[in-house]
Each structure stands twice: as structure tokens, then as C-alpha cells.
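> Dropping the sequence and predicted coords here.
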Amino acid sequence: MTNDDTTSDFGLSRRQMLGGLGIVGVASAGAGLGTTAYFSDEESFEENTLTAGELDLFVHVDYSEDQGSFAQYSTPAGTFINGGLAGVNGEDTSGVVPGEPLSIHVEDLKPGDSGEGEFCFSIVDNPAYMWMCGELTANDQNGTNDPEEAALDELFGEIPEDGQLADAMEITVSYCDEDGNTGAEIISGSLAEVMAALQTGVSLYGDGNPDQPVANRPAFDGVEEPFVDGEPNVHETCVCFEWEVPTTVGNEIQSDSVDFNFEFYAEQERHNDGTNNPCADESYAADYVNRDGISQPIPDGIARVDVSYGDEQVLYGITFDEPAGSQYSLADPNFAAANFSMPFDLDDSGNYDYQVAWNAEGGDDFLYSEVDGTPNWEKDVGPWSPVPSTITAVKFGSQAVIAVPRSDLETGGNDYVFGFGASAGGEAPSVGIPVGGPYNANDNFTSSQSGQSATLQ
């Protein structure tokens, strides 16, 4: 890479995170979070007067980056976000404008650069379930110079419209404590993969242990005030992230830029079970089917599919919501013949056009298959092939996300059909969304009549 005066902006769009927090009821003055009537639920009698409680989310931010001799940056101690705006509980406000949204831009990004951040939470004054969301809002090429053109031609044989930085950057999101000591991993992969997963929503666990059902999971405790003696008064579980551009990355990222955002949502614990996903546009769920007498049942298992409609992609977040301590899991690639697939009828024509499947041939990976000609049975489905570059498919633990181009689903207008099916063989449970679907083996394996009808938003 040349050390010229081109710029890569790394947008930790706390602008959007803040906006998200405002939507979610960060301020006690009447925002709606998706908690609807549940937002202010605590009442107490004080001299015969009913006083409503609060659900006010403060996000305490600690961020730093390392660009070697080029630059070092960190947020001032005491930086926080509330009501969509930044503040600093201290005299040093360098890089932060109190009362304005908080965003961070990294210039002249090069291989070997890295950064890390920590988000800790003060929820005043009711316990709450929390969700983390995100979105990749830009992945720009920004033109090319000679070295980048040569690298792109070698890699792709052409100059792609989008940039390569989102695929080159690696990011890990984990639970941590206030001191930054990391615990269980939440999600890791390329920036594009992680943001795709976060766009459909990831439920956060107040005890930092994600190996539990989503419903009625440990909540985040409430506090009486966000600061005590000038120090953040936070729940013990925080969320940390680390990003880096590996030194193996070459000229293909020159002049590229990315923008992305994190969002956090809090919803009161009382009278809720924590399953409402505020990051998604649509949510579907189905109970596992455990046939009588099978030897490997998973009682009380639920499959969830959350759909997020983006401008360029439509994303499907998949969660295998299984009881803690389950002996088996449909998300385990080593459990019997565990696999799942998502078929798509792009124009609501009555026949699926393609499917994306996990672990279809073992190997814990994703494969793709098109339907060729007039389908009659499974043999008319094309052979498995690698997932096209236009589709994102990533799995992390008991969750996965599949993102398909919105333009695919616009083939016949705004109406299309999709489905979800998972199984692990005859002695294990199965599950389909919609219930009884998405395939109709009695009629035609590739018929979409048993799929889930949907309309683009």
C-alpha cells in the first residue's frame, strides 16, 4: 500500500447508535422503544400520587485505536450516550462535542491498523432485556489508482462496484466486564458478515452466558443513577469489540471506505419475555416437532427467523432457541445429519428458484443450489455449488444469517415466498417455517405452495 493522502473513513456511527437509542426509549420523556405500553410500568404511591418509573438507557463508551506512528486516538474518560446525544462526565472533551451525536472516523487506514471499544450500560431504573443491532451503511470503492486496479484485476478480473474493505476488515464482538476482560464471544468474522448478523438483531444476556433460551433470559439490572461520585454506575456485563485490518491485506483496499453503526435497545423486563426483536421488520417462530418414540428429542426447542429489509439486501436471522443443557442441538454440525435450508421463490410463481443450505453435505459450511427447468422432484434441483458472492451466509453458534440481494426478490414485483427447514434425520426433531413447510414432498419438492408468503418493505 502506498502512504498517500487518500482517506479511509471508519464510521463507528454512534450517530445511528444514538438515533437507535432514542427510538428505544433511552430518555424517560416519552420515547417508545418497542416497549409500547410497557415502557413506563413501575408505579408507587407517594401521598396518594401515582409516579411512573423510568427506563432510561445510558451507554458508556470507551474507544481507542492504534495506527502505529500515524495516529493514536481514544475517547475521553467519562464519555457516554443518552437520548441520542453524547456527553462527557469530566473536563476533557477532546474529540467529543457534548450535546451532539458521537461518531469516530479513522483516516488513512492501512493493513496492521486496529481498534477496540467497550460499551457498558446504565439502565435507570428498571431491569431490562437488551438487544444489539448494527448495519453496514457504506462500503465504497471511491475510485481506483494503478496499484489497486492491478490488485482487483488479479483477484476478480474486473473492478467491482463496491469496495473491499468490509470483507477485509475483521471484527470480534464479545461480552466483557468494565475493565475490558473478555468473556464469551458474541460474533466474529469480516465486517460485512458481522454487520449482516447484527442487522437482524442479537439478543444480549445480562450474565454474559449466551447458552440459554432467548425467552426469559437473564436481564440487565437497573440502577438508581448512571454515575456515582463521578464514576459510571454500570451493570457488570458489558459488550466489547475489536477490529483490525490484517497485514495480509494488499492494495485492493486502497482508497476504500466503510461506514457502519451499532445500536442498543432496552426493553423493560417486567411483563415481557425478551423475545421481541426490535431490530427486525418481521419475525417468525415455530416449535420443534419431536415425533413419538424418537431417540434424540430436543424438547421445547423453537426456531426463530427474523427478517430485516435493507436497501440493498434482505437479511434473515436464524436462531435455534433451545433449552439450556440440551443433550442435542439442531445447530450442531456433528449432531446426526443436522442441516437447514432456506429456499426462495423470487417472483411468487409457485416454484422455488434457489436455496441456500447449511451442512447439506457436512463440513459445517453453506452451499447453494438452483432449480433448473420445470421441477418435478428433488432430482430436478441443480447440484450444490459455492454460495454466490452476492449472497452472505454466516453461522455463529446457535445463530446464523443469510442475506440475499433485494433485487432478486424484486423479480416479480414486491411479493415473494421463502421458507426455513431444519432436521437431523429420522431419530431427531425437525422444524419448518411456516409450520408444515417450506417444502411439499407429496406434491413437488420445489413447489413453494407450502412456503411463507412475504412482501418487501
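Sure thing, it's come through.

> Could you pull up phi and psi at the most centrally placed residue in the chain?
Most central in the chain under C-alpha atoms, centre = their mean is Leu198, positioned 1.3 Å from the mean C-alpha point. Dihedral pair for Leu198: phi -70, psi -30, per degrees, to the nearest 10.

> show me the contacts for it.
132-135, 173, 187, 262, 279 (C-beta atoms under 8 Å, 6 or more residues apart in numbering). C-betas here are computed from N, CA, C, even on glycine.

> Please list the members of these that lie in strands.
Among these, DSSP state E puts 132-135, 173, 187, 262 in strands.

> Hmm, Asn209 is touching Pro218, no?
Yes. Look at Asn209 against Pro218 with C-beta atoms under 8 Å: they come within range, at 7.5 Å.

> and for those two, which residues touch both?
By C-beta under 8 Å, 6+ apart, no residue touches both Asn209 and Pro218.

> Tell me which of the two has more neighbours.
Between Asn209 and Pro218, counting by other C-beta atoms under 10 Å, Pro218 is the more crowded of the two (17 against 14).

> my read: the more buried one touches Asp211, true?
No. Between Pro218 and Asp211 no contact is recorded; they are 11.5 Å apart, counting by C-beta under 8 Å.

> Which helix or strand in the chain has the lowest average pLDDT?
Ranking every helix and strand in the chain by mean pLDDT, DSSP states H and E puts helix 14-23 at the bottom, with a mean of 30.

> could you measure the closest residue to Asp311 other than its chain neighbours against Gln449, distance?
Residue nearest to Asp311 in three dimensions, not counting chain neighbours: Arg406, with 7.0 Å by C-beta to C-beta, 6 or more residues apart in numbering. Going from Arg406 to Gln449 by C-beta to C-beta, to the nearest Å gives 24 Å.

> Then Cys240?
For Cys240, the distance to Gln449 - C-beta to C-beta - is 47 Å.

> which one of the two has more residues nearby?
Cys240 (21 against 15).

> give me the element that one is part of.
strand 238-244 (DSSP states H and E).

> ok, now Val394?
strand 392-396.

> from the chain's centre, how far out does that strand sit?
10 Å (C-alpha atoms, centre = their mean, to the nearest Å).

> repeat for stretch 316-323
The chain centroid and the centroid of stretch 316-323 are separated by 13 Å under C-alpha atoms, centre = their mean.

> Also stretch 411-420?
Its chain's average C-alpha position is 22 Å from that of stretch 411-420, according to C-alpha atoms, centre = their mean.

> Give me the mean pLDDT for that stretch.
What stretch 411-420 shows for mean pLDDT is 95.

> One more: stretch 55-64?
Mean predicted lDDT for stretch 55-64 stands at 87.

> going forward can the numbers begin at 433, since that is how I track them
Right, with 433 as the first residue, what we last looked at is stretch 487-496.

> In the stretch 783-889 of the chain, what residue spans correspond to strands?
786-790, 798-802, 824-828, 831-837, 847-850, 852-855, 862-865, 884-887 (DSSP state E, counting those that start in this stretch).

> Return the first one as PDB; C-alpha atoms alone will do.
As requested, the backbone C-alpha atoms of strand 786-790 are provided in PDB (Å, rounded to 0.1, in the frame of the first residue of the first chain):
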ATOM      1  CA  TYR A 786     -32.900 -21.400  -5.400                       C
ATOM      2  CA  GLN A 787     -32.000 -22.400  -2.000                       C
ATOM      3  CA  VAL A 788     -29.100 -21.700   0.500                       C
ATOM      4  CA  ALA A 789     -28.300 -24.600   2.800                       C
ATOM      5  CA  TRP A 790     -26.000 -25.200   5.800                       C
END
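
> Dump the ones in strands among the contacts of Leu630 to JSON lines, plus pLDDT and neighbour count.
Converted to JSON lines, these look like this (pLDDT from 0 to 100; neighbours: other C-beta atoms under 10 Å):
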{"residue": "Met564", "pLDDT": "92", "neighbour count": "23"}
{"residue": "Cys565", "pLDDT": "91", "neighbour count": "25"}
{"residue": "Gly566", "pLDDT": "88", "neighbour count": "29"}
{"residue": "Glu567", "pLDDT": "88", "neighbour count": "22"}
{"residue": "Val605", "pLDDT": "96", "neighbour count": "26"}
{"residue": "Ile619", "pLDDT": "95", "neighbour count": "23"}
{"residue": "Phe694", "pLDDT": "85", "neighbour count": "23"}
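
> which stretches of this protein have low pLDDT?
433-486, 500-504, 533, 536-539, 578, 585, 804-814, 873-876 (pLDDT under 70).

> mind giving me the domain ranges of it?
Listed by automatic domain parsing, the domain ranges of the chain are 442-700, 714-887.

> quick one: the shortest one to chain centroid distance?
Distance of domain 714-887 from the chain centroid (C-alpha atoms, centre = their mean) equals 18 Å.

> Output the residue ranges of the helices in the chain, listed in chain order.
Remark: helices assigned in the chain by DSSP state H are 446-455, 578-588, 597-600, 623-631, 838-841.

> Mind listing residues that contact the third one?
Residues outside helix 597-600 that contact it (C-beta under 8 Å, 6+ apart): 440, 541, 568, 571, 622-624, 627, 677-678, 681, 684-685, 688-690.

> Mind listing what's buried along that helix?
Applying a neighbour-count criterion of 16 or more other C-beta atoms under 10 Å, one finds 597-600 buried in helix 597-600.

> With stretch 506-514 instead?
For stretch 506-514, the neighbour count (16+ other C-beta under 10 Å) marks 506-508, 510-514 as buried.

> And those residues, which is closest to Glu744?
Nearest to Glu744 out of the buried residues of stretch 506-514 is Ile513 (C-beta to C-beta; 27.2 Å).

> Kindly provide the distance from that closest one to Leu534.
Computed with C-beta to C-beta, the distance linking Ile513 and Leu534 is 6 Å.

> Identify the bridge partners of Pro488.
Small correction: residue 488 is Asp, not Pro. Using DSSP bridges, the beta-bridge partners of Asp488 come out as Val556.
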